[in-house]
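K.L.:
Compute the structure for the input listed below.
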Amino acid sequence: MAAFVATAALAGGLTGFFSLSAAVPGLALVTQIGLGLALWQQRGRGTRLTAADRVTLARSVPIAILVGLLADTSLFLAQPTVIFSLAAVAVLMDGADGLVARRLGCETRAGARFDMELDGFALLVLAAWVASLDRAGPWVLLIGAWRYLFIMAGRFHPPLQRPLAFSQRRRVICGLQGVGLVICLLPGLPHSATQPLAAALVALVSYSFIVDLLALARPLSKTGANP
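P.N.:
Numbers count the residues shown, from 1 in each chain. From the prediction side, this is the model:
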């Protein structure tokens, strides 16, 4: 409820201040409801939210607002500061929930799962803004789309649903995606800088997913050697 109220207040405030479309707060609230339901599904009925879950849910607020603002992008082509600020907050908050979970001893598989899902969704939203502000072509959406394509591939080829071994490579590349996309949204940064940066991010995330796909395509006895 607190996340819902915060989203409504911030999205409504931005809409009134910049005279944006009424669709902005509506889309932001629908997104926030969806994210809240995703957390509810991960946690299960009768399970109380941990402190780390609350931090993750707080991080969903700027992400939901960024989704809502996609309903009226014209103003931000000339004034991208608001988008950059929201994106920076969302990325800077990443990792805070993990720190809280370790410090307070409230780590859960459900919380980690929701955090991962929110990370993937955030990358798709940030990539959408990079494309919307014409900082890169529509191909930049592949940064956020890779995860969902990976999940869809697993539906058609069940071996791709097998769990992967922990990989520092995967963790570092994921972190670089968020930071890199925020840099692409930096006000005043020329296209000559954002285009190659976005291309490098797409290449990195594509490499990471291809490595995982190849690892899962091997016989089961060999998947333990996944890099």
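K.L.:
The residue positioned nearest the centre of the chain - nearest residue in space that isn't next to it in sequence?
P.N.:
Centroid-nearest residue in the chain, with Cα atoms, centre = their mean: residue 122, separated by 1.7 Å. With Cβ to Cβ, 6 or more residues apart in numbering as the criterion, residue 122 has its nearest non-adjacent residue at 5.1 Å, and that residue is residue 63. (Each C-beta comes from the backbone N, C-alpha and C, glycine too.)
K.L.:
show me the contacts for that neighbour.
P.N.:
Under the criterion of Cβ atoms under 8 Å, 6 or more residues apart in numbering, the contact list for residue 63 reads 31, 35, 90, 118, 121, 122, 125.
K.L.:
switch the cut-off to 10 Å
P.N.:
Taking Cβ atoms under 10 Å, 6 or more residues apart in numbering as the definition of contact, the neighbours of residue 63 are 7, 28, 31-32, 35, 86-87, 89-91, 93, 118-119, 121-122, 124-126.
K.L.:
What of residue 51?
P.N.:
For residue 51, the contact set (Cβ under 10 Å, 6+ apart) comprises 97, 100, 101, 103, 104, 105, 106, 111.
K.L.:
what's the distance between it and residue 118?
P.N.:
The gap separating residue 51 from residue 118 is 16 Å, by Cβ to Cβ, to the nearest Å.
K.L.:
pretty sure residue 197 contacts residue 183?
P.N.:
Yes - Residue 197 sits in contact with residue 183 when judged by Cβ atoms under 10 Å, with a separation of 6.4 Å.
K.L.:
quick one: common contacting residues for the two?
P.N.:
Common contacts of residue 197 and residue 183, defined by Cβ under 10 Å, 6+ apart, comprise 130, 135, 189.
K.L.:
can you pick the most crowded of these?
P.N.:
Tallying neighbours with other Cβ atoms under 10 Å puts residue 130 at the head of the shared contacts of residue 197 and residue 183, with 29 neighbours.
K.L.:
And that one, which helix or strand is it part of?
P.N.:
Element membership for residue 130, per DSSP states H and E: helix 109-132.
K.L.:
what comes up buried for that helix?
P.N.:
Residues of helix 109-132 classed as buried by neighbour count (16 or more other Cβ atoms under 10 Å): 110-112, 114-115, 117-132.
K.L.:
same question, stretch 23-32
P.N.:
Neighbour counts using 16+ other Cβ under 10 Å place 24, 25, 27, 28, 29, 31, 32 of stretch 23-32 among the buried residues.
K.L.:
Including distance to residue 159, could those residues go into CSV?
P.N.:
Formatted as CSV, the entries for the buried residues of stretch 23-32 read as follows, by distance: Cβ to Cβ, whole Å:
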residue, distance to residue 159
24, 42
25, 43
27, 37
28, 38
29, 39
31, 33
32, 35
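K.L.:
and of those residues, the nearest to residue 170?
P.N.:
Top of the list for closeness to residue 170, among the buried residues of stretch 23-32 and by Cβ to Cβ, is residue 31 at 26.1 Å.
K.L.:
contacting residues around that closest one?
P.N.:
When the contact criterion is Cβ under 10 Å, 6+ apart, the partners of residue 31 are 7, 11, 60, 63, 64, 65, 66, 67, 68, 70, 121, 125.
K.L.:
before we move on, back to that, quick one: list the elements packing against the helix holding residue 130.
P.N.:
For helix 109-132, the contact count by 3 or more Cβ pairs under 10 Å, 6 or more residues apart in numbering; DSSP states H and E identifies helix 23-43, helix 51-69, helix 74-78, helix 81-92, helix 96-104, helix 142-156, helix 168-184, helix 191-217 as packing neighbours.
K.L.:
shouldn't residue 182 be in contact with residue 66?
P.N.:
No - judged on Cβ under 10 Å, residue 182 makes no contact with residue 66 at a distance of 11.4 Å.
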